[in-house]
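A.B. asks: sequence and predicted structure below; questions after.
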Amino acid sequence: MLKSRIILIFFIYMENAMKIYDYEGKKNICGDRIHEARCKMRLTQNALAAKLQLAGITIERDSVSRIELGTRFVADYELRAIAKILKVSVDWLLGNE
């Protein structure tokens, strides 16, 4: 009984500690711009994922799709690599330019 209570408390704690918040219903604000820049370069989602993998970022095509849809969080190191590959600034991806 005590062990199961401890496990339950741990999972409740982890659920609250690991929550990724939404901003206006999305997990990122850069997805639309990533999609725009990728299409301008005539890259497929597969090609972008492959270039990111060559840059040391572990990502698959479905993750690129979810980023563009706004349903996946984007880490800062991923955003920097995406900006470099797409030849745009991080500020532009974030809508600051």
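C.D. replies: Received the coordinates, thanks.
A.B. asks: which one is Leu79 nearest to, not counting chain neighbours?
C.D. replies: Leaving out its chain neighbours, the residue that sits closest to Leu79 by CB to CB, 6 or more residues apart in numbering is Val90, at 5.7 Å. C-betas here are computed from N, CA, C, even on glycine.
A.B. asks: and the one you found, what does it touch?
C.D. replies: 79-80, 83 (CB atoms under 8 Å, 6 or more residues apart in numbering).
A.B. asks: buried subset of those, written for PyMOL?
C.D. replies: Here is the PyMOL command that selects the buried residues among the contacts of Val90 (16 or more other CB atoms under 10 Å):
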select buried, resi 79+83
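A.B. asks: which of the contacts of Val90 lies closest to Asp62?
C.D. replies: Nearest to Asp62 out of these is Leu79 (CB to CB; 18.2 Å).
A.B. asks: wait, a helix at the closest one?
C.D. replies: Yes: counting by DSSP: H, G, I helix; E, B strand; the rest coil, Leu79 falls inside a helix.
A.B. asks: how near is it to Leu94?
C.D. replies: Separation of Leu79 from Leu94 (CB to CB, to the nearest Å): 8 Å.
A.B. asks: next, show the common contact partners of these two.
C.D. replies: Common neighbours of Leu79 and Leu94 (criterion: CB under 8 Å, 6+ apart): Cys30.
A.B. asks: need the contact list for the one residue sitting closest to the centre of the chain.
C.D. replies: Geometric centre of the chain, nearest residue: Val74, 2.5 Å, by CA atoms, centre = their mean. Neighbour list for Val74: 27-28, 30-31, 67, 82 [criterion: CB under 8 Å, 6+ apart].
A.B. asks: look at the closest residue to it other than its chain neighbours and give its secondary structure.
C.D. replies: Using CB to CB, 6+ apart and skipping residues adjacent in sequence, the residue nearest Val74 is Asn28, 4.6 Å away. Taking three-state DSSP as the rule, one finds Asn28 in the coil state.
A.B. asks: out of the contacts of Val90, who's nearest Lys40?
C.D. replies: Ala83 (13.5 Å).
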